[in-house]
Structures are given as structure tokens and as C-alpha cells.
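Visitor: Kindly return the folded structure for what I paste below:
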Amino acid sequence: MRRESGMTLVEVMVSAVVLSMVMLALSASLRTFATTYTAVEQSANRTARLREVTYFLRHVLREAYSPHQGAFDASGGQISWLAPIDRVGAAGGVTWLRLRRDGDALMLDFAIPDSEVAEKADSDPEWGAIIPSETLLNNVRSFKVRKLKEPTAGSNYADSGDSNDNQAVSADLPPGVQLEWEIEGMAWPPLVVAFDGYRAST
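Guide: Coordinates of the predicted model:
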């Protein structure tokens, strides 16, 4: 009679150890892939969000206008201005906007002016009374606003320094502004916007 031979206990244990090592390596590879994919997806989402914010701010800042003293203000690390915008779920029109940093968030505040406030600016706008504030960006380490100086003959625009100098703001718009922000884990160039309503002094 032929004698049937099978695997010994040692062979079974060796096979089990090798299979365990292969499964462990595969599990680690899948975990690394998932972590990398999540990080790349989050980075892509942050970049897309920052592009949207940049596009929106460029649009609403370009249309800023200053019908009176104080309609445009860039001081204390924030900027407020009047601009016509389209509001979701409501009729569009001239709206007060204020861009500021609150903790690690970049906030956009809204206020709806009536005709007298819009023309005379007797009081500060009632920020958030009708339209709630919107968080534009998170993880913002710093935020600065720089007003561009009026260019001289043969020169380009130059910034007027940090807006924290609290200098008096003219009723006329400056040539434009430069917004600088530092976002955790991301490098992004400053946003420079020229005002369509700017008129060079004569």
C-alpha cells in the first residue's frame, strides 16, 4: 500500500507566518494609500476653495466705489467697502462688505444700506443683521490689507504699507488693494486688485 504524506506541523506554521507577513504588508500598503489619497483630496479641496474665494473677492473688490467719506476703509487689518453684488435668494443691489480675520478664519460680513446710510454714512453698518457672515477660509495664520499708492509718472503701482498705520482714509478710492494671507500648509500669492471706480487725481 502506498503511504500518503501531508504537510508537517512545522511546514504549516511556516506557511502561516509567511501568509501573515504578506497580509500585514498588504494592509500597511492599503492604509498608506488611503492616507495619501485623503491628504491629496483635502489639499485639492483647499486649493479649489481658495481659487473660488480669490475669484469672488477679485470680482466684488473691482466694483467697489466710494460715494462719501468712510465708504471705503482699510485699517486695523480689515477692509470694508460698498459694492453691487448678487445675493442668493434675494434681490441684488449695493451691499456693505467687510473682510476680516477672526481667530483662524477669514470672515466676510454683510450689511444692507438704506439710501441715507449709503449716501451719508451717519452710522456704522449693522453687520450681520440681515445677511449672516460667511466663513471664506479656515486655518488663516495672518491677514493683511495694503492700499496701492497712486502711481507717479513712469512708475508702477506701489503699496502704501500695512493698513494698521490707521491713517486717515480719503473719500476717493485708492488705485487698488493688495490682500496678503498666510494659510497653514499652503503657499498662495497675494491678491492684487485694481478698482474700476478709481480716478487719478489731477
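
Visitor: how far out from the middle of the chain is the longest helix along the chain?
Guide: Ranked by number of residues, the top helix in the chain under DSSP state H is helix 9-62. Averaging C-alpha positions (CA atoms, centre = their mean, to the nearest Å) puts helix 9-62 25 Å from its chain's average.

Visitor: Now the element after it, going C-ward?
Guide: Per DSSP states H and E, helix 9-62 leads on to strand 73-75 as the next helix or strand towards the C-terminus.

Visitor: Now the following helix or strand past that following strand: average pLDDT?
Guide: Using DSSP H and E, the helix or strand that follows strand 73-75 towards the C-terminus is strand 78-85. Taken as a whole, strand 78-85 has a mean pLDDT of 86.

Visitor: Would you mark the buried spots in the following helix or strand past strand 78-85?
Guide: Next helix or strand after strand 78-85 toward the C-terminus (DSSP H and E): strand 93-102. Within strand 93-102, the residues that count as buried by 16 or more other CB atoms under 10 Å are 95-101. Heads up, the C-betas are built off the backbone N, CA and C, glycines and all.

Visitor: same deal with stretch 59-75?
Guide: 60-61, 64-66, 71-75.

Visitor: Could you do stretch 77-88 as well?
Guide: Quick answer for stretch 77-88 (16+ other CB under 10 Å): 78-83.

Visitor: what's it in contact with?
Guide: With contacts defined as CB atoms under 8 Å, 6 or more residues apart in numbering, stretch 77-88 is touched by 60-61, 63-67, 71-74, 92-101, 113, 118, 125, 131, 143-145, 163-164, 177, 179.
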